[in-house]
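# pasting the sequence and the predicted coordinates here, then a few questions.
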Amino acid sequence: GEQVEQRPPHLSVREGDSAVITCTYTDPNSYYFFWYKQEPGASLQLLMKVFSSTEINEGQGFTVLLNKKDKRLSLNLTAAHPGDSAAYFCAAGNSGGSNYKLTFGKGTLLTVTP
Amino acid sequence: AQTIHQWPVAEIKAVGSPLSLGCTIKGKSSPNLYWYWQATGGTLQQLFYSITVGQVESVVQLNLSASRPKDDQFILSTEKLLLSHSGFYLCAWSLRDWGQDTQYFGPGTRLLVL
């Protein structure tokens, strides 16, 4: 089955710096990808859904890049602020439009210091 | 607007005791429903999914079972808890339509097994 490797497990940056989290996946048939944010003690909040047909996706304060050739997905927070401190998870959805199984990376704990 | 509710918010249970966790979705008809387990330290594991009442598919069992007695309700249970069942249990929902299958997570239930 699909395997998703997420790096780094911990990331500490200063306010205003960029932060990059990367996931690699194994199943070339994975079609949907997701980034979720989890604040301490809370549930998962969807940041962005990425279709395999779109390589660059921009959100508020972040960019998601998808490289299908290398099977790599990255989240780039362009100017991190302390409110971005949280755990971030990537996930890959199986193919065929049936996203019944999501495979998650192990998460990255991001700390943004003032 | 759709709402997802999980109960209880938290539980402390003894090894060998039974468990029942619940999840309800309001505001969406016939959603796909999912159960996830998050171990201490962050890894997320999809346990079960259901696309219709009465049908549940197991992804990873972990000595747990799931049922969907109503369209808007998903139950996770076991007759005998293990220490390894401790963690954060998350219910999620998605629509069924192609391209609409983003999973949205509930607030979660924290379980401590002693």
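Perfect, I can see it now.
# residue contacts, A:Ala92?
A:Glu2, A:Val4, A:Cys23, A:Tyr25, A:Asp27, A:Ser30, A:Tyr32, A:Phe33, A:Leu73, A:Leu102, A:Thr103 (C-beta atoms under 8 Å, 6 or more residues apart in numbering or on different chains). Where you see a C-beta, it was placed from the backbone N, CA and C, and this is true even at glycine.
# anything in the helix or strand A:Ile21 falls within near chain B?
Element membership of A:Ile21 [criterion: DSSP states H and E] is strand A:19-25. No. Strand A:19-25 lies out of reach of chain B by C-beta under 8 Å from any C-beta of the partner chain, never closer than 13.0 Å.
# what is that strand packed up against?
Counting contacts by 3 or more C-beta pairs under 8 Å, 6 or more residues apart in numbering or on different chains; DSSP states H and E, strand A:19-25 packs against strand A:4-7, strand A:10-14, strand A:72-77, strand A:86-93, strand A:108-113.
# got the contact list for that strand?
By C-beta under 8 Å, 6+ apart, strand A:19-25 touches A:2-8, A:11, A:13, A:33, A:70-77, A:80, A:84, A:88, A:90, A:92, A:103, A:105, A:108, A:110, A:112.
# buried residues in that strand?
Buried residues in strand A:19-25, counted by 16 or more other C-beta atoms under 10 Å in any protein chain shown: A:Ala19, A:Val20, A:Ile21, A:Thr22, A:Cys23, A:Thr24, A:Tyr25.
# which residues of chain A lie near chain B?
A:32, A:34, A:36, A:42-46, A:49, A:51, A:87, A:89, A:91, A:93, A:97-104, A:106-107, A:109.
# narrow those residues to those in strands?
Counting by DSSP state E, the residues of chain A next to chain B place A:32, A:34, A:36, A:44-46, A:49, A:51, A:87, A:89, A:91, A:93, A:102-104, A:109 in strands.
# out of these, which are buried?
The buried subset of these - by 16+ other C-beta under 10 Å - is A:32, A:34, A:36, A:44, A:49, A:87, A:89, A:91, A:93, A:102-104, A:109.
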